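Novice: okay, here's the prediction I keep looking at, along with the sequence it came from:
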There are 2 protein chains.
Amino acid sequence: MQSKKLYPPDWAFEFHGHRCPFMPIGYRMGKLALEYLEIDREKDHSLFVFPEAGIGHPQICFIDGIQAATGATYGKSLIEKTFYGKLAAVFYHVRFLEKGAIRYALKSDFMDAMGKFEFFNYRKRGVEPSQIPQKVSDKVINWVYEQNDDFMFNIKPIYDFKFSPPRGSFNKAKCSLCGEYVFERYLRTEDGKPVCISCSGYGK
Amino acid sequence: MQSKKLYPPDWAFEFHGHRCPFMPIGYRMGKLALEYLEIDREKDHSLFVFPEAGIGHPQICFIDGIQAATGATYGKSLIEKTFYGKLAAVFYHVRFLEKGAIRYALKSDFMDAMGKFEFFNYRKRGVEPSQIPQKVSDKVINWVYEQNDDFMFNIKPIYDFKFSPPRGSFNKAKCSLCGEYVFERYLRTEDGKPVCISCSGYGK
């Protein structure tokens, strides 16, 4: 059994919305990354996470575990999928350049072993996670809790990781058509007047 | 004073990482949208939210409030920024087509009134939210709690909103170079063999 500090708190399950094994897996990834980078949970805007997941595939729930564990949330623009279709993530902190970044990827053998649990039979039949009997979900979640980090993760420091957070600005102006505020980076111009992207029809 | 059901629970502040007025604003947007769409907090994968925020501008913290209130989380692929640079969001539920979607946008007058609070002087000087004295943060948060929805939001139903969630597949295969699993949508081919995007060098 792993240390309980690697288990998500109840509020992380409430945030996520259902019981599945991937949120707790992401939570553990996140806690291990904080430990490696020797940082606390991110309160503000210095830790960036790049989960290598995409769209149209399952098991990306690990990203909610990462948000919960690390504080690198989507609402703080600290987490961004790379769209590689992998169950992996890179963690990078702007103030710990000498340590570089760290990548955690689920091992194939771990994924194969986990895939044998009944939970996935339900999922492949199209049953949504909240509709799977809790004893079925908890069986695979508890199994995950019991596994060692070594069996679960390939862990690789990346010393030459490059990332620059975008330059920020508080400046904003009103769209001359709809009157709504737009931050300057996204202001467009039409007939010499400031417009928002929606009113402009430029699409982006 | 607004109904306390529109206040974020303590865990939402813990999730977000700091005390600022925007997480609670997004939380209220989300609760109001659930009420309008007559749905519960999303447990699985049916509610989609499109916040009209982008990068390089402040105040996107409202997105974490939306995640907390609605269950439309980044880790379930239910929330996606449009990169319009606006403090607005569209909420769309796949099973409530007759109601269409609903858009909430912060009113300019509300933003102007809120912008006068001391909290923003700190932010514009570059002080991170967690470093702002709590009495300063709480002053603007409590003011937000006291405002009426009418003063805060432009609310607009969108009857012709179009969105199709991506087709999903559980199929995956190992990259012939690194050996890691890749979901099929993201498998690429090099010299006739399956490779992941990272190993392929194709970039995407």
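Specialist: Right, received. Where do you want to start? Numbering: from 1, shown residues only, chains lettered A, B, ... in the order given.
Novice: thought A:F62 was touching A:R28?
Specialist: No - A:F62 is beyond contact range of A:R28, at 9.1 Å (criterion: CB atoms under 8 Å). In short, each C-beta sits where N, CA and C put it, glycine included.
Novice: give the closest residue to the residue nearest the centre of chain A in space, chain neighbours not counted.
Specialist: In chain A, the residue lying closest to the centroid (CA atoms, centre = their mean) is A:I63, at 3.0 Å. Spatial nearest neighbour of A:I63, chain neighbours left out: B:G75 (3.5 Å); criterion: CB to CB, 6 or more residues apart in numbering or on different chains.
Novice: A:G56 now?
Specialist: Of all residues not flanking A:G56 in the chain, B:P166 sits nearest, at 3.9 Å (CB to CB, 6+ apart).
Novice: may I see the buried residues of the biggest helix by length in chain A?
Specialist: When chain A is parsed with DSSP state H, its longest helix is helix A:22-37. The neighbour-count check on helix A:22-37 (16 or more other CB atoms under 10 Å in any protein chain shown) flags A:22-34, A:36-37 as buried.
Novice: after that helix, which helix or strand is next?
Specialist: For helix A:22-37, the following helix or strand on the C-terminal side (DSSP states H and E) is strand A:47-51.
Novice: and the angle for that following strand with helix A:22-37?
Specialist: 140 degrees (axes from the mean of the first three to the mean of the last three CA atoms, to 10 degrees).
Novice: which residue ranges of chain A form helices?
Specialist: Under the criterion DSSP H, chain A carries helices at the ranges A:10-16, A:22-37, A:62-70, A:108-114, A:118-124, A:134-146, A:149-152, A:197-200.
Novice: tell me what angle the second one forms with helix A:134-146.
Specialist: Right, helix A:22-37. Calculated by the same axes, to 10 degrees, helix A:22-37 forms an angle of 20 degrees with helix A:134-146.
Novice: so what's the gap between helix A:22-37 and the chain middle?
Specialist: 10 Å (CA atoms, centre = their mean, to the nearest Å).
Novice: output the contacting helices and strands for that helix.
Specialist: Judged by 3 or more CB pairs under 8 Å, 6 or more residues apart in numbering or on different chains; DSSP states H and E, the packing partners of helix A:22-37 are helix A:10-16, strand A:47-51, helix A:62-70, strand A:88-93, strand A:101-106, helix A:134-146, helix A:149-152, strand A:153-158.
Novice: about what we covered before: can you pull the pLDDT of the residue nearest to A:I63?
Specialist: Here, the pLDDT recorded for B:G75 equals 98.
Novice: next: A:Q2.
Specialist: Note on A:Q2: pLDDT of 67.
Novice: the one 4 residues further on too?
Specialist: pLDDT recorded at A:L6 is 87.
Novice: from B:L87, how far off is the closest residue to it other than its chain neighbours?
Specialist: Distance criterion CB to CB, 6+ apart; nearest residue to A:L6, sequence neighbours excluded, is A:R28 at 4.7 Å. Going from A:R28 to B:L87 by CB to CB, to the nearest Å gives 34 Å.
Novice: now the residue nearest to A:N154 when sequence neighbours are not counted, which residues is it bridged with?
Specialist: Nearest non-adjacent residue to A:N154, counting by CB to CB, 6+ apart: A:A105, 4.5 Å away. Counting by DSSP bridges, A:A105 forms beta bridges with A:A88, A:N154.
Novice: I figured A:A105 was touching A:A88, is that so?
Specialist: Yes - between A:A105 and A:A88 a contact is recorded at 3.6 Å, counting by CB under 8 Å.
Novice: nice, that's everything, thank you.
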